[in-house]
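*Asks:* quick one: sequence plus predicted model below, questions after.
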Amino acid sequence: MTSAAALLPTRKDEDFRYADLAALERVWPVAIETIALAEGEHRALRMVNSGVRELAIVLAPGASLDLHVLNAGQDYGRLSLRAELGAGSQFTFGAAQLAGSGQVLEVVTHVAHLGLDAISQQTVRSVAGGGSTVNYLGKVHVAKGADGTDGSQSVRAMLLDRQSAANAKPELEIHADDVKCAHGCAVGELDKQALFYLAQRGLPPEAAKKLMLQAFVAEAFVGAADEEALQAQALAALEAML
Amino acid sequence: MLKIDNLHATVADKPILKGLSLSVGAGEVHAIMGPNGAGKSTLSYVLGGRPGYEVTDGSVTFMGQDLLALEPHERAAAGLFLGFQYPVEIPGVSFVQFLRESANAQRKSRGEPPLSGGDFLKLAREKAALLKMDMEMLKRPVNVGFSGGEKKRAEMVQMGILNPSLAVLDETDSGLDIDALRVVGEGINATMRAPDKAVLLITHYQRLLDYVQPDFVHVLAGGRIVRTGGAELAHELEEHGYEEVAG
């Protein structure tokens, strides 16, 4: 029997609501990559994604994973992940999406706090120009009894023109009493006053824009083990996009 | 150096400047004083080329060029510096990073070689010291978390580094305590008092003019210059108010 998961998703599937289904069909079904950390294990991963990837992350008690993703590249880029957090584990997720000329880039996360005192931090910074679309669908699920949970989602998107779009949906589902969950979400444009200020000091408009976007995207990679390499890759992607 | 002739400008379709004429020669310091809403800040933004400030009539010539035909960054490269009344905060972008890029963009458009990282830092350190500003502050994001006085001082450090021909300083004295006012005044003199430079000082008060002696004082009211005099005019204004002197 063909499992339901192998069927091509439709718009009715919440996780695929803004997906580029035509592009998805070409690569469907997508193999799930498993990242499992043993008790107390620490790992830092860096990914540059330009296709469709799906991760299944399992953190045993006390494990910690730092995952940083630069989502850029081809016409459709999607990174989705399901993470299960054991007691006292820690999941740090930083993603930057740089979308140009008609691209659709998206990050979809399901983070489940299953044990006591686990920490998850998600920071997603997206830039959309040239009629592109950037999406973030993120759910933090706190299981019954997972007290002491600390979950945060910081999601910001920057639109470079009126033809581009950003969809952001940070969600919380909490079944425990003693939890700390925060989410912030904003979609905006580059600050015109700041652009004029930089121009008045002599920076040409393109350079001023690049500098501000670089700073914006950098927030996704603060504290990463290989922050410099990530920032350099993000800058290259940004230059290719502008 | 700067010749403004019959300048008319609107902001959101509202006429603000209504036939302003003014000539600033090399080596001169001009002060523009005037009541709130007279158009002082509008004048500085129009000169800087801020979007949304529309020139409807008149002309501005800067060092032989039609200033109004240039983009804001080209005006900077031509030697115009605007000291902002409210300097903008830019998170994530450090002063040293953007100033070095700005300085080198200006140099490039003038056909000069770029400053190396080391040369730039040396220059920045020297200008920061002149304004009694800790170099560490210039490594921080632009104006973020700075007090009003620190922002104004940082403006003057930037002016020192970029070394313009004409500085238009919009209420650089507001928000400064007495000691900072003296430091800023000395900074303006050190950077801009030269035979080939000029300053247009926009201010409400006489106090900055005690440190930066103006050669000319103009009263701006209702969108045009209504009176021009020497340094003594500022004292007269201080004593009698705008209404009596300009009215």
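*Replies:* Sure thing, it's come through.

*Asks:* which secondary structure element contains the closest residue to chain B within chain A?
*Replies:* Nearest residue of chain A to chain B, counting by Cβ to the nearest Cβ: residue A:215, 2.7 Å away. Every C-beta, even on glycine, is put in place using the N, C-alpha and C of the backbone. Following DSSP states H and E, one finds residue A:215 within helix A:205-218.

*Asks:* tell me how many other residues crowd the closest residue to the residue of chain A closest to chain B other than its chain neighbours.
*Replies:* In space, residue A:215 comes closest to residue B:92 once its chain neighbours are excluded; the distance is 2.7 Å by Cβ to Cβ, 6 or more residues apart in numbering or on different chains. Other residues lying near residue B:92 total 18 when counted by other Cβ atoms under 10 Å in any protein chain shown.

*Asks:* so residue B:92 is in contact with residue A:216, correct?
*Replies:* Yes: using Cβ atoms under 8 Å, residue B:92 is in contact with residue A:216, at 6.6 Å.

*Asks:* where's the closest residue to chain A within chain B relative to residue B:73, distance?
*Replies:* Proximity of chain B to chain A (Cβ to the nearest Cβ) peaks at residue B:92, 2.7 Å away. To residue B:73, residue B:92 is 20 Å away according to Cβ to Cβ, to the nearest Å.

*Asks:* report the angle between the helix or strand that contains residue A:185 and helix A:205-218.
*Replies:* Remark: residue A:185 resides in strand A:179-188, with elements defined by DSSP H and E. Inter-element angle recorded for strand A:179-188 and helix A:205-218: 170 degrees (by axes from the mean of the first three to the mean of the last three Cα atoms, to 10 degrees).

*Asks:* give me the buried positions along the least confident helix or strand in chain B by mean pLDDT.
*Replies:* Sorted by mean pLDDT, DSSP states H and E, the helices and strands of chain B end with helix B:231-246, the least confident at a mean of 85. Across helix B:231-246, burial judged by 16 or more other Cβ atoms under 10 Å in any protein chain shown covers B:231, B:233, B:234, B:236, B:237, B:242, B:245, B:246.

*Asks:* now, among these, which is nearest to residue B:146?
*Replies:* Closest approach between the buried residues of helix B:231-246 and residue B:146, by Cβ to Cβ: residue B:234, at 28.8 Å.

*Asks:* and the strands in the chain?
*Replies:* Picked chain A for this. With strands called from DSSP state E, chain A shows them at A:32-37, A:42-49, A:52-59, A:64-71, A:76-85, A:90-99, A:104-113, A:119-128, A:133-142, A:149-159, A:165-174, A:179-188.

*Asks:* wait, I meant chain B there
*Replies:* Secondary structure of chain B (DSSP E): strands at B:2-11, B:14-24, B:29-33, B:53-62, B:65-66, B:80-83, B:90-94, B:141-142, B:166-170, B:198-203, B:216-221, B:224-229.

*Asks:* can you list the strands that the second one pairs with?
*Replies:* As defined by DSSP bridges, the strand partners of strand B:14-24 come to strand B:2-11 (antiparallel).

*Asks:* so which bits of chain B are right by chain A?
*Replies:* Proximity of chain B to chain A (Cβ under 8 Å from any Cβ of the partner chain) is limited to residues B:48-51, B:71-73, B:75-77, B:81-82, B:84, B:87-93, B:97-99, B:101-103, B:105-106, B:109, B:141-142, B:158, B:162.

*Asks:* now, those residues that are in helices?
*Replies:* B:48, B:72-73, B:75-77, B:97-99, B:101-103, B:105-106, B:109, B:158, B:162 (DSSP state H).

*Asks:* got the residues of chain A near chain B?
*Replies:* With the criterion set to Cβ under 8 Å from any Cβ, chain A comes near chain B through A:191-194, A:196-205, A:207-208, A:211-212, A:214-216, A:218-219.

*Asks:* buried among the residues you listed? Need that as a selection in PyMOL.
*Replies:* Filtering these down to the buried ones (16+ other Cβ under 10 Å) takes a single PyMOL command:
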select buried, chain A and resi 194+196+197+198+199+200+201+202+203+204+207+208+211+212+214+215+216+218+219
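
*Asks:* low-scoring stretches of chain A, by residue?
*Replies:* A:1-5 (pLDDT under 70).

*Asks:* the nearest residue to residue A:211 once chain neighbours are set aside - how many residues pack around it?
*Replies:* Spatial nearest neighbour of residue A:211, chain neighbours left out: residue B:93 (5.6 Å); criterion: Cβ to Cβ, 6+ apart. Counted by other Cβ under 10 Å, the residues lying close to residue B:93 total 23.

*Asks:* for the closest residue in space to residue B:126 that isn't next to it in sequence, give its distance to residue A:87.
*Replies:* Nearest non-adjacent residue to residue B:126, counting by Cβ to Cβ, 6+ apart: residue B:160, 7.9 Å away. According to Cβ to Cβ, residue B:160 stands 57 Å off from residue A:87.

*Asks:* compare the two and say which is more crowded by neighbours.
*Replies:* Between residue B:160 and residue A:87, residue B:160 has the larger neighbour count (other Cβ under 10 Å), namely 23 against 17.

*Asks:* quick check: the more buried one touching residue B:191?
*Replies:* Yes: contact criterion Cβ under 8 Å: residue B:160 and residue B:191 qualify, at 4.8 Å.

*Asks:* next, show the common contact partners of these two.
*Replies:* B:127, B:130 (Cβ atoms under 8 Å, 6 or more residues apart in numbering or on different chains).

*Asks:* ok, the residue of chain A closest to chain B touching residue B:93?
*Replies:* Yes: judged on Cβ under 8 Å, residue A:215 makes contact with residue B:93 at a distance of 4.8 Å.

*Asks:* if I look at those two, which residues touch both of them?
*Replies:* residue B:141.

*Asks:* can you count the residues close to the nearest residue to residue A:17 once chain neighbours are set aside?
*Replies:* Computed as Cβ to Cβ, 6+ apart, the closest residue to residue A:17 that is not its neighbour in sequence is residue A:11, at 5.8 Å. If you count neighbours by other Cβ under 10 Å, residue A:11 ends up with 10.

*Asks:* so residue A:11 makes contact with residue A:24?
*Replies:* No: Residue A:11 is beyond contact range of residue A:24, at 11.3 Å (criterion: Cβ under 8 Å).
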